[in-house]
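In: got a predicted structure plus its sequence, pasted below:
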Amino acid sequence: MSNQEPVNSFSSRIVVLPEANIDTDQIIPARFLTTTTKAGLGKVAFNDWRYNADGSNKPHILNEIDPTEHRVLVAGNNLGCGSSREHAPWALMDYGFKAVISTEIADIFKSNSLKNGLLPVVVSPEIHDKLTQNPQQRVTIDLESCTLTLEDGTTVTFQVEAFARQCLLEGVDAMGWLLKRLPEIEAYEQTNNKAA
């Protein structure tokens with residue numbers, strides 16, 4: 001069972017990476033996929049954007065911000081395209097992100113994010129423009145009501161598949177959701193077996 005930090009309501013500053021078509025290999029290059037643990041992958045999130053070949057820092061926003069203050073990534077259109085790899089949401093979460101926002105998020109990346117506790121939020125181009133034009137603003141995301149509130153008070157709704165939403169709210173993956181209901185399942189089995 002995988003327990004993760006529940007996602008409910010939180011406020012955070014955003015960090016904007018305006019590039020479109022950020023693929024999973026840019027989020028975490030393939031050479032870092034040999035690990036099966038999530039710990040430490042935040043150090044190599046966007047590795048080739050953040051570091052020179054000798055390991056020294058490039059001038060990049062992700063090297064300059066405080067990840068504990070910037071928990072929401074706003075990216076250009078078609079975030080997470082390319083190959084399927086769970087390491088991509090793992091790396092983003094280990095860096096410190098709780099949510100990603102774009103006008104379009106690739107289906108497999110969205111699915112992997114939801115399964116691992118990272119909230120993908122799709123917004124209209126108009127809302128995206130409001131976010132990118134004020135790249136240090138604080139936003140509030142409320143998963144209970146599925147709302148995103150911008151610093152200027154603009155509030156919009158977003159969609160999250162119902163079961164994935166419930167797992168995020170409870171801080172569990174699909175297996176964890178089932179295991180939390182094991183007593184109910186066992187009680188049903190006992191009742192059903194007696195009736196048979």
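Out: Structure received. Residues are numbered from 1 along each chain as shown.

In: check contacts around the residue nearest the centre of the chain.
Out: Nearest to the geometric centre of the chain sits residue 118, at 2.5 Å (Cα atoms, centre = their mean). In this structure, residue 118 makes contact with 89, 92-93, 97-100, judged by Cβ atoms under 8 Å, 6 or more residues apart in numbering. Backbone N, C-alpha and C define where each C-beta goes, glycine included.

In: give me the buried subset of the residues you listed.
Out: 89, 92-93, 97-100 (16 or more other Cβ atoms under 10 Å).

In: those helices in the chain, which residues are they?
Out: For the chain, helices defined by DSSP state H occupy the ranges 24-27, 47-50, 87-95, 107-116, 125-132, 162-170, 174-180, 182-195.

In: single out the most deeply packed of these.
Out: Highest mean neighbour count of those: helix 87-95, a mean of 24 (counted as mean count of other Cβ atoms under 10 Å).

In: ok, residue 138 touching residue 152?
Out: No. Judged on Cβ atoms under 8 Å, residue 138 makes no contact with residue 152 at a distance of 10.7 Å.

In: who has more neighbours, those two?
Out: residue 138 (15 against 8; other Cβ atoms under 10 Å).

In: confidence score at the more buried one?
Out: As summarised for this prediction, residue 138 has a pLDDT of 98.

In: who's in contact with it?
Out: 11-14, 151.

In: what subset of those residues is buried?
Out: Buried, going by 16+ other Cβ under 10 Å: 12-14, 151, out of these.

In: re earlier: what's the closest of the buried ones among the contacts of residue 118 to residue 71?
Out: Closest to residue 71 out of the buried ones among the contacts of residue 118 is residue 98 (4.5 Å), distances taken as Cβ to Cβ.

In: what's near enough to touch the spatially closest residue to the closest one that is not a sequence neighbour?
Out: In this structure, residue 98 finds its nearest non-sequential neighbour in residue 71, 4.5 Å apart by Cβ to Cβ, 6 or more residues apart in numbering. Taking Cβ under 8 Å, 6+ apart, we find residue 71 in contact with 10, 12-13, 96-99.

In: now do the same for the longest strand seen in the chain: mean pLDDT, whole number.
Out: The residue-count maximum for a strand in the chain (DSSP state E) belongs to strand 9-17. For strand 9-17, the mean pLDDT works out to 96.

In: which residues touch it?
Out: Outside strand 9-17, the residues touching it (Cβ under 8 Å, 6+ apart) are 46, 61-62, 65, 69-76, 98-99, 101, 131-132, 135-144.
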